[in-house]
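# Sequence and predicted model, in that order:
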Amino acid sequence: MKLQFVVSALLGSSAAIVISTPEVPLSARIVEARPALVGSPLDTMRTGLSGRMRGPLFTYLRLRPFKDKQDGRIGSYVIGFWPGERGRVTSRAYQNPNGFIEVTPENQNTRISEHFRLGDFLTHGQVRVWPKYLVLREELVDKLELVITDLNSRGILVRHMSVMSGFRTPSYNGPGGEGRSGVSRHMYGDAADVFVDNDRNGRMDDLNRDGRVDHLDARVILDAVERVERLHPSLAGGVGVYKANSAHGPFAHVDVRGWRARWGLIG
């Protein structure tokens with residue numbers, strides 16, 4: 001179903017977007033703002049690789065360059081430092097982002113695809129600090145939409161896919177603390193921890209219909225990712241399957257790092 005998204009909420013607000021460049025970029029690019037007519041279909045919607053409508057066009061958004069980060073922050077928002085800034089990595093897949101999306105209270109609910117909004121991918125924490133800053137790759141959004149399409153085509157209804165963790169600033173991610181990788185793909189805007197939550201209760205739904213909610217439901221997402229990657233090799237990436245704990249229910253990590261990786265309860 002094609003959607004046309006209202007973007008008037010962005011007018012007069014500050015916003016910026018970056019598309020970081022991986023080892024083998026699919027459509028990585030930076031688009032700076034230029035004048036556009038509100039309501040013009042060419043300016044308010046388009047399809048990504050998933051075939052799902054994505055809007056608003058990034059022509060409404062301007063780049064906040066990486067150099068605007070000074071001493072690990074932009075304004076009051078703490079971001080931290082990427083490993084590449086310290087000379088710790090050399091691979092292009094781990095190069096510093098080009099810049100940031102600036103997210104405000106006014107634009108945080110802007111749709112960036114049929115099922116996702118800009119604010120879904122924000123780093124947790126710094127609740128009262130605005131504006132916030134975000135790195136996000138279009139390919140990740142496309143891959144998630146393709147996974148949703150695959151699940152729906154198999155009779156597994158997805159009305160809402162929750163992003164438990166999207167972009168993580170280096171400061172929030174920490175140097176490999178709490179089980180997090182020091183070079184986590186979350187820091188590069190191409191990873192999301194997700195679960196299907198149609199009833200909006202904050203937990204994974206029973207996707208395999210076995211009467212339980214556990215890691216086997218996250219493996220349903222893994223199976224969908226496998227099918228998507230076979231059809232779209234350019235979206236190759238990582239999948240991790242995680243069980244529930246006291247803080248959260250089961251979920252699947254999905255990314256578009258550019259090469260295949262699998263871990264967790266996948267067997």
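All right, it came through fine.
# what's the burial count for residue 105?
11 (other CB atoms under 10 Å). (Glycine included, C-beta is placed from N, CA and C.)
# got a list of what it touches?
residue 130 (CB atoms under 8 Å, 6 or more residues apart in numbering).
# measure it to residue 261 for me?
Distance, residue 105 to residue 261, by CB to CB, to the nearest Å: 36 Å.
# How far off centre is the helix or strand containing residue 254?
Using DSSP states H and E, residue 254 sits in strand 251-255. On the basis of CA atoms, centre = their mean, to the nearest Å, strand 251-255 is displaced by 10 Å from the centre of the chain it belongs to.
# can you check stretch 117-133 too?
Between the centre of stretch 117-133 and the centre of its chain there are 13 Å (CA atoms, centre = their mean).
# Just say helix, strand or coil for the residue lying farthest from the centre of the chain.
Distance from the C-alpha centroid of the chain, by CA atoms, centre = their mean, peaks at residue 211 (29.8 Å). Under the three-state scheme (DSSP: H, G, I helix; E, B strand; the rest coil), residue 211 adopts coil.
# Kindly report the same for residue 146.
helix.
# Over the strand holding residue 254, what's the mean pLDDT, rounded is fine.
For strand 251-255, the mean pLDDT works out to 98.
# buried ones in the next helix or strand after it?
Using DSSP H and E, the helix or strand that directly follows strand 251-255 along the chain is strand 261-264. In terms of neighbour count (16 or more other CB atoms under 10 Å), strand 261-264 has its buried residues at residue 264.
# can you give me the offset of strand 261-264 from its chain's centre?
For strand 261-264, the distance to the chain centre is 19 Å (CA atoms, centre = their mean).
# any chance you could map the helices in the stretch 51-200 of the chain?
Assigned by DSSP state H, counting those that start in this stretch, the helices in the stretch 51-200 of the chain fall at 138-153, 170-173.
# Quick check: which of those is buried the most?
Neighbour counts (mean count of other CB atoms under 10 Å) averaged over each of those peak at helix 138-153, with a mean of 22.
# Okay, angle between it and strand 251-255 too, please.
Helix 138-153 runs at 130 degrees relative to strand 251-255, counting by axes from the mean of the first three to the mean of the last three CA atoms, to 10 degrees.
# Among the helices of the stretch 51-200 of the chain, which comes closest to residue 132?
Nearest of the helices of the stretch 51-200 of the chain to residue 132, taken as CB to CB: helix 170-173 at 11.2 Å.
# Now do the strands in the stretch 151-267 of the chain.
Taking DSSP state E, counting those that start in this stretch as the criterion, the stretch 151-267 of the chain carries its strands at 161-165, 191-196, 238-242, 251-255, 261-264.
# Point out the most buried one among these.
The most buried one of those (mean count of other CB under 10 Å) is strand 251-255, showing a mean of 27.
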